[in-house]
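Student: structure for the following, please:
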Amino acid sequence: MKRRNFIKKTASAGLLSGVLINSSSASTLSKGSKGLIQNPDVKPTVAQKRWMDLGFGMFIHFGINTYYDVEWSEGDLDVSAFNPKKIDTDLWCQTAKKAGMKYLVITTKHHDGFCLWPSKYSDYTVAASPFKQDVLQMLAKSAEKYDLKLGFYFSLWDRYDPLYDTDWDGFMKNMKGQIEELVTGYGPLCEFWMDGFWKKQKSGWTKKNKEIEGEANKQEKDLERDFDFIQAWRNEGAYWWQMDTIYQMIKSHQPQCMVMNNSTTAYPGVPLHPVDIRSGEKYTDVKADKKVWNWLGQETYFPLQIETTMSVKGNEKFPSGNWFWHANDHSVRSKESIQELLDTAGKMEANLLLNVGISDQGLLRKEDKEALESLGS
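Tutor: Down below sits the predicted model:
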């Protein structure tokens, strides 16, 4: 597609379910050796810049999956297995601090629905386990002690709650109640990351056209594909998840918290409005990154977060590395590999969120601890 036709097409899209895509979005873009370059006059907000200054963070995967040697589960694992007898959130924070990290993001609830806090909207929580204690409260206290900012990951998709498949209004009431518990019960949050939207997003999914010749043509076509997906999201996914209401609720309690909705590895870096930041899962090389997007009728800057994991030996579904702890996985990124990731993030003006899987005892893997602490030496 010729560039003038591409601009004409995006301009004709107009205002669609809150997303304005017009020629100004494309006219501010120019081609460079490292991809799309944005209008330098469009800057991050003060709150976005504060989050960007954090730079490097620790992602923490911990939950019921930890005890069953799986990465995903269906909400059917026995909660009685959850019992981290040696848990020490201070040590997690000490390691993060030694590595030069400035924030933490923990999986409050993964797709299985198990909650690391005693939510009154579910009986599949730490309260029903032998452990009983609120892991999030423990981590919040440790983070404050070691001057680390705290963020939460939360799965929208919930395989435990039967209302998900039978009573959508009832399910949404429970889900919004859980989010409100999280944003009101643990002090200031730097980030609230939602995941799992795709189970209610049937339209808009298209594969990248790898047959396109020429980098400029490829970037143009990829950008058109991204715009199309944003429109599909606003027409469908955002409606089902009541995302405008959820975003406003989060910001009413946590105005400085950066809200993100994981756009998946199929559409990395695409903002699923309304959000404040974008996800670039497994960006291990410098890639073209569009930082300015049109939202609510004006060009708006959306910072990027790159996420990957310390494990480099995964399974068939996650071949590049595990996210949860597995007893037989001792693979780990080297100090040099982590520094390369930090370099990539720096070149992309992005934050790096590096994952560790907490063990069944509640401890960091020895391999992760040593590799991360070596960064400070």
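
Student: which residues of the stretch 1-150 of the chain fall in strands?
Tutor: With DSSP state E, counting those that start in this stretch as the criterion, the stretch 1-150 of the chain has strands at 14-16, 19-21, 30-32, 35-37, 56-61, 103-109, 149-155.

Student: name every strand pairing with the fifth one and say which way it goes.
Tutor: With DSSP bridges as the test, strand 56-61 is paired with strand 103-109 (parallel), strand 350-357 (parallel).

Student: quick one: low-confidence ranges for the protein?
Tutor: 1-37 (pLDDT under 70).

Student: now do the helices in it.
Tutor: Applying DSSP state H to the chain gives helices spanning 3-12, 23-27, 46-52, 89-98, 135-145, 163-166, 168-184, 215-232, 238-240, 243-253, 335-347, 366-373.

Student: do you know which of the ones you listed lies nearest residue 114?
Tutor: Among the helices of the chain, the nearest to residue 114 by CB to CB is helix 135-145 (10.8 Å). C-beta coordinates here come from the backbone N, C-alpha and C atoms, glycine included.

Student: helices or strands next to that closest one in the packing?
Tutor: With contacts defined as 3 or more CB pairs under 8 Å, 6 or more residues apart in numbering; DSSP states H and E, helix 135-145 has these neighbours: helix 89-98, strand 103-109, strand 149-155.

Student: distance to residue 368 added to the ones you listed, as CSV?
Tutor: Converted to CSV, these look like this (distance: least, CB to CB, whole Å):
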stretch, distance to residue 368
helix 89-98, 8
strand 103-109, 14
strand 149-155, 18
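
Student: could you check how far residue 356 is from residue 322?
Tutor: Distance of residue 356 to residue 322, computed by CB to CB, to the nearest Å: 10 Å.

Student: who has more neighbours, the two?
Tutor: Neighbour count, other CB atoms under 10 Å: between residue 356 and residue 322, residue 356 has more, with 27 against 22.

Student: how near is the residue nearest to that one when sequence neighbours are not counted to residue 92?
Tutor: Leaving aside its chain neighbours, residue 356 sits nearest to residue 368 (4.7 Å; criterion: CB to CB, 6 or more residues apart in numbering). Relative to residue 92, residue 368 is positioned 10 Å away (CB to CB).

Student: between the two, what contacts are shared?
Tutor: residue 356 (CB atoms under 8 Å, 6 or more residues apart in numbering).

Student: now do the same contact list for residue 59.
Tutor: Residues counted as contacts of residue 59 (CB under 8 Å, 6+ apart) are 104, 105, 106, 153, 307, 309, 353, 354, 355, 356.

Student: beta partners of it?
Tutor: Where residue 59 sits in a bridge, its partners, by DSSP bridges, are residue 105, residue 355.

Student: against residue 45, how distant is it?
Tutor: 24 Å.

Student: got it, and residue 193?
Tutor: As judged by CB to CB, residue 193 and residue 45 stand 18 Å apart.

Student: next, count neighbours for the nearest residue to residue 157 once chain neighbours are set aside.
Tutor: Using CB to CB, 6+ apart and skipping residues adjacent in sequence, the residue nearest residue 157 is residue 196, 3.1 Å away. Neighbourhood size, residue 196 [other CB under 10 Å]: 19.

Student: tell me the spacing between residue 196 and residue 281.
Tutor: Applying CB to CB, the value for residue 196 to residue 281 is 13 Å.

Student: spit out the residues that contact these two alike.
Tutor: residue 262.

Student: so residue 375 touches residue 99, yeah?
Tutor: Yes. With contact defined as CB atoms under 8 Å, residue 375 reaches residue 99; the gap is 4.7 Å.

Student: who's more crowded, these two?
Tutor: residue 99 (21 against 15).

Student: got a list of what the more buried one touches?
Tutor: 56, 58, 372, 373, 375, 376.

Student: out of these, which are buried?
Tutor: Taking 16 or more other CB atoms under 10 Å as the criterion, what is buried in the contacts of residue 99 is 56, 58, 372, 373.

Student: tell me what the nearest residue to residue 191 once chain neighbours are set aside is bridged to.
Tutor: Nearest non-adjacent residue to residue 191, counting by CB to CB, 6+ apart: residue 151, 3.2 Å away. As for beta bridges, residue 151 partners with residue 105, residue 191 under DSSP bridges.

Student: I'd assumed residue 187 was in contact with residue 151.
Tutor: No. At 11.6 Å, residue 151 does not count as touching residue 187 under the criterion of CB under 8 Å.

Student: more neighbours: the two, which one.
Tutor: More crowded of residue 151 and residue 187, by other CB under 10 Å: residue 151, with 27 against 12.

Student: mind listing what the spatially closest residue to residue 376 that is not a sequence neighbour touches?
Tutor: Leaving aside its sequence neighbours, residue 376 sits nearest to residue 98 (CB to CB, 6+ apart; 4.6 Å). Contact analysis of residue 98 by CB under 8 Å, 6+ apart lists 372, 373, 375, 376.

Student: and of the buried ones among the contacts of residue 99, the nearest to residue 318?
Tutor: Of all the buried ones among the contacts of residue 99, residue 58 has the smallest distance to residue 318: 18.9 Å, by CB to CB.
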